[in-house]
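Chemist: quick one: sequence and predicted model below, then my questions.
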Protein chains: 2
Amino acid sequence: MKPAVVLVSGGLDSATVLAIAQQSFDCQPLTFDYGQRHAIELQAAQRVCAQLGARAPRLVKLDLRDIGGSALTADIDVPKGGPGDGIPVTYVPARNTLFLSYALALAETLGATDMFIGVNAVDYSGYPDCRPEFIHAFESLANLATKLGVEGARFRVHAPLLALTKADIIRRGVALGVDYSLTHSCYDPVDDRACGHCDSCVIRRQGFLMAAIPDPTRYVHRP
Amino acid sequence: MKPAVVLVSGGLDSATVLAIAQQSFDCQPLTFDYGQRHAIELQAAQRVCAQLGARAPRLVKLDLRDIGGSALTADIDVPKGGPGDGIPVTYVPARNTLFLSYALALAETLGATDMFIGVNAVDYSGYPDCRPEFIHAFESLANLATKLGVEGARFRVHAPLLALTKADIIRRGVALGVDYSLTHSCYDPVDDRACGHCDSCVIRRQGFLMAAIPDPTRYVHRP
């Protein structure tokens, strides 16, 4: 099977992407410690890779706390009460650009031209770097930026969740054997339990409800 | 003056770029510790910023040793004997993509839409991510990747050395008061002296010769 680099966060979406990618590629998961508040995400990423029979994830430390500018990396309160309009304060400047740049560096080192990222329809309503036009612009950049690209290879950024709702994603993942109890989505967990109130918890919970699949998440407060 | 993020490596090119950018922008230098073999470059970056009256550089640690794939970050011998044909083994996969991605993250955090990078004509004969088409592709990506871009801002990646020879760059920098004795270009230094034989030393030395400006570099071996 061809090699591919798969961005894995420990969340529900990237676990599903990994399960999809594993069907057709020899996957190298890549995960980041970007100064996020909770190491729970990193542990979740390792558990997800193991459960799906993938290689252990490569871990790259990112210094985003030095750069700041987001509720996920600086001292800004995580919003509660469900998603609103516009770009959320949990937006991290250039995050997916950075993630894909590292994926590209690792891909070229491994001789891979395929990368997977778990952006989806729910996300791209709010985040600029979750839109299809961003993904396509990154593919164009990758072809120009690299030795492999100059030699004629064509990079592909697979975003298999792009057009799926959260319920679709969950149904797809369950069909592929993903154990979502191992995944972590909450922006503001207490111990290893999800807060139940942040945008991410609300979207996740609604996804399970719409998919009519029991939600295995351990919440502090039932949303 | 408008804010700008300037990528500074401690080398001759980026010192010149900083001097150029300082004329028209309120510059925030950004430098990287990417697992390169020598901390000399980082010290040079700090000295260059101080000498040019710029802010102290923001330092971001990059984990490229985990990714490998280049003579600058993995255990591959640095080539000697002058530049050859094709892409050199000192090429670091996706390096400028990563550098510009961090510059973009910092720029957006500071409310800046201008970034400066010291790629030049000599470099882009060998490195894919030193070509004008790469720079333009990154600008397009930045406009799509960010909240500022979605709101209508237009990012600009300034590469003022792109069409200049090394001699032109040196003449320009000397005219702007750059003290090149503070800069460091060598891929393989001994203590704080340049090896005199690596591609970078050879190109630098030829630049001073062609510019008819005395070379202040301290070499182990005169090239």
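Modeler: It's in.
Chemist: what's the longest strand in chain A?
Modeler: Looking across chain A with DSSP state E, the single longest strand is strand A:26-33.
Chemist: my read is that A:E133 contacts B:L144, right?
Modeler: Yes - with contact defined as Cβ atoms under 8 Å, A:E133 reaches B:L144; the gap is 5.4 Å. No exception for glycine: its C-beta is placed from N, CA and C like everyone else's.
Chemist: show me what the longest strand of chain A packs onto, helices and strands only.
Modeler: Where contact means 3 or more Cβ pairs under 8 Å, 6 or more residues apart in numbering or on different chains; DSSP states H and E, strand A:26-33 is packed against strand A:3-7, helix A:12-22, helix A:40-51, strand A:58-61, helix A:95-110.
Chemist: ok, A:D191 - how many residues close by?
Modeler: For A:D191, the neighbour count with other Cβ atoms under 10 Å in any protein chain shown is 8.
Chemist: could the helices and strands packed on strand A:26-33 be laid out in TSV, adding mean pLDDT, mean neighbour count and distance to A:Y180?
Modeler: Shown next, in TSV, are these (pLDDT from 0 to 100; neighbours: other Cβ atoms under 10 Å in any protein chain shown; distance: least, Cβ to Cβ, whole Å):
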stretch	mean pLDDT	mean neighbour count	distance to A:Y180
strand A:3-7	97	24	17
helix A:12-22	97	26	6
helix A:40-51	93	20	9
strand A:58-61	86	17	22
helix A:95-110	93	26	22
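Chemist: nearest to chain B, of these?
Modeler: Chain B lies closest to helix A:95-110 among those, at 3.5 Å (Cβ to the nearest Cβ).
Chemist: can you list the low-confidence ranges for chain A?
Modeler: A:35-38, A:63, A:65-66, A:68-91, A:121-125, A:222-223 (pLDDT under 70).
Chemist: check it for me, the residue farthest from its geometric middle.
Modeler: A:E151 (29.8 Å; Cα atoms, centre = their mean).
Chemist: check the gap between it and chain B for me.
Modeler: Distance of A:E151 to chain B, given as Cβ to the nearest Cβ, to the nearest Å: 9 Å.
Chemist: residues in contact with that residue?
Modeler: Residues near A:E151 by Cβ atoms under 8 Å, 6 or more residues apart in numbering or on different chains: none.
Chemist: gap between it and A:Q43?
Modeler: According to Cβ to Cβ, to the nearest Å, A:E151 stands 39 Å off from A:Q43.
Chemist: circling back to that earlier point, could you dump the helices and strands packed on strand A:26-33 to TSV with distance to chain B?
Modeler: Shown next, in TSV, are those (distance: least, Cβ to the nearest Cβ, whole Å):
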stretch	distance to chain B
strand A:3-7	10
helix A:12-22	19
helix A:40-51	14
strand A:58-61	5
helix A:95-110	4
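Chemist: so how far is chain B from A:R204?
Modeler: Using Cβ to the nearest Cβ, A:R204 is found at 24 Å from chain B.
Chemist: and that residue, that's in a strand?
Modeler: No - using DSSP: H, G, I helix; E, B strand; the rest coil, the assignment for A:R204 is helix, not a strand.
Chemist: excluding chain neighbours, what is closest to it?
Modeler: Residue nearest to A:R204 in three dimensions, not counting chain neighbours: A:S185, with 4.7 Å by Cβ to Cβ, 6 or more residues apart in numbering or on different chains.
Chemist: number of nearby residues for A:G152?
Modeler: A:G152, neighbours per other Cβ under 10 Å, totals 7.
Chemist: which element is it on?
Modeler: Per DSSP states H and E: A:G152 is located in neither a helix nor a strand.
Chemist: contacts only, for A:R156.
Modeler: Per Cβ under 8 Å, 6+ apart, neighbours of A:R156: A:T113, A:D114, A:M115, A:E139.
Chemist: now it: phi and psi?
Modeler: In terms of degrees, to the nearest 10, the main-chain angles of A:R156 are phi -130, psi 130.
Chemist: could you list the buried residues of the longest strand of chain A?
Modeler: A:C27, A:Q28, A:P29, A:L30, A:T31, A:F32, A:D33 (16 or more other Cβ atoms under 10 Å in any protein chain shown).
Chemist: what are the pairing partners of that strand, and which direction each?
Modeler: Strand A:26-33 has its sheet partners listed here by DSSP bridges as strand A:3-7 (parallel), strand A:58-61 (parallel).
Chemist: ok, now which ones touch A:T113?
Modeler: A:A107, A:L148, A:A153, A:R154, A:F155, A:R156.
Chemist: check the gap between it and chain B for me.
Modeler: Distance of A:T113 to chain B, given as Cβ to the nearest Cβ: 12 Å.
Chemist: phi, psi for that residue please.
Modeler: phi -120, psi 0.
Chemist: tell me the contacts of A:Q43?
Modeler: Going by Cβ under 8 Å, 6+ apart, A:Q43 touches A:G10.
Chemist: OK, contacts around A:G207?
Modeler: Contacts of A:G207 by Cβ under 8 Å, 6+ apart are A:L12, A:T165, A:K166, A:A167, A:I169, A:I170.
Chemist: the second one touches A:L209, doesn't it?
Modeler: Meaning A:T165. No - with contact defined as Cβ under 8 Å, A:T165 and A:L209 do not form a contacting pair (11.7 Å).
Chemist: related to what we said a few turns ago, of the contacts of A:G207, which is the most crowded?
Modeler: When those are compared by neighbour count (other Cβ under 10 Å), A:L12 ends up highest, at 29 neighbours.
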